[in-house]
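1. Kindly return the folded structure for what I paste below:
(chains A, B, C and D)
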There are 2 protein chains.
Amino acid sequence: MEAAQVRDAAPLFAALGDETRLRLFVRLSTTGPESIARLSAKSPVTRQAVSKHLDILSRAGLIRGARRGRERIWEVEPKRLADARQYLDRISLLWDDALGRLKRFVEPQA
Amino acid sequence: MEAAQVRDAAPLFAALGDETRLRLFVRLSTTGPESIARLSAKSPVTRQAVSKHLDILSRAGLIRGARRGRERIWEVEPKRLADARQYLDRISLLWDDALGRLKRFVEPQA
DNA sequence: TCTGAGTGCAACTATCTGGTTGCCTTTCGG
DNA sequence: CCGAAAGGCAACCAGATAGTTGCACTCAGA
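-> Numbering: from 1, shown residues only, chains lettered A, B, ... in the order given. A predicted model of the protein is given here:
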């Protein structure tokens, strides 16, 4: 896999790699767009912590936020989630290829 | 998505969320099983750093290592990678469901 | 216009993490 | 048997990160 792809994929996975943050992302994926207040109401951590997590997710491109009146509404960016899936798929393919080469090496006559 | 699944998925993504570490994982997926010495030979960081990363990947269940003589050989655990893919797929489905509900709400007659 | 709900900003703290260096143990090969 | 290769262990360091608290700002609505 190309170096550029790894450089792009790592921060994506890192953003999903915190439990509180992943929970927020799953919540947004389940309920659709929500405000910070509503999100933090059902969260064990502070509103500020929630806000920081949302900021990190948005920097990774996984969510997108917009001001609406005095609220800020966050919603999932499915394109970026698809990217993450694609990266995992590619790694899977790499492994399949490696396995194929190994089999052809061990059983050249097959 | 269940809380238990989130608790399982987060460390998985976290393990893939560091660039050097993801690079090592991709390398192992591409070339097949390799020793620490061979892995760290082509890495910009120390052998110790490589060793720590491999340890983290193995704790996440993504790779498996075995002693062979004075070497330690590491190889990818494809089952766990499939887990990660499945988690992303599930989140995607959540989002699709939410979108579906939204559409039925907005255009009830369609 | 005044109150409160919803956020943003900043400072601070404790812990985690990626990385290093130094040294010791194990094992292969001549 | 001895030297070197491969690796493990432990201490240490700097910066990132998850979380907090406190205060200031901005709208919406009665």
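2. How about residue A:43: what's its closest non-neighbour residue?
-> Nearest residue to residue A:43, sequence neighbours excluded (C-beta to C-beta, 6 or more residues apart in numbering or on different chains): residue A:50, at 5.4 Å. Just so you know, the C-beta spots here come from the backbone N, C-alpha and C atoms, and that holds for glycine as well.
3. Check whether that neighbour really touches residue A:37, as I assumed.
-> No: using C-beta atoms under 8 Å, residue A:50 makes no contact with residue A:37, being 9.2 Å away.
4. Compare the two (neighbour count), which wins?
-> Taking other C-beta atoms under 10 Å in any protein chain shown, residue A:50 and residue A:37 do not tie; residue A:50 has more neighbours (22 against 12).
5. Could you check how far the particular helix or strand that has that one in it is from the centre of its chain?
-> Counting by DSSP states H and E, the element that carries residue A:50 is helix A:47-59. Here helix A:47-59 is found 14 Å from its chain centre; the criterion is C-alpha atoms, centre = their mean, to the nearest Å.
6. How about stretch A:62-70?
-> How far stretch A:62-70 lies from its chain's middle: 18 Å, per C-alpha atoms, centre = their mean.
7. Please apply the same query to stretch A:76-94.
-> That offset, for stretch A:76-94, works out to 9 Å (C-alpha atoms, centre = their mean).
8. Can you point out the buried residues in that stretch?
-> A:76-77, A:80-81, A:83-85, A:87-88, A:90-92, A:94 (16 or more other C-beta atoms under 10 Å in any protein chain shown).
9. Turn these into CSV, columns for distance to DNA strand D and secondary structure.
-> Output for those, formatted as CSV (distance: C-beta to the nearest atom of the strand, whole Å; DSSP: H, G, I helix; E, B strand; the rest coil):
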residue, distance to DNA strand D, secondary structure
A:76, 19, strand
A:77, 19, coil
A:80, 17, helix
A:81, 18, helix
A:83, 19, helix
A:84, 17, helix
A:85, 21, helix
A:87, 19, helix
A:88, 20, helix
A:90, 24, helix
A:91, 22, helix
A:92, 26, helix
A:94, 22, helix
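10. quick one, phi psi at residue A:64?
-> Phi and psi for residue A:64, reported as degrees, to the nearest 10, are phi -140, psi 140.
11. If you count contacts, what does whichever strand or helix holds residue A:79 end up packed against?
-> For residue A:79, the host element (DSSP H and E) is helix A:78-106. Contact here means 3 or more C-beta pairs under 8 Å, 6 or more residues apart in numbering or on different chains; DSSP states H and E; on that basis helix A:78-106 packs against helix A:3-16, helix B:19-31, helix B:78-106.
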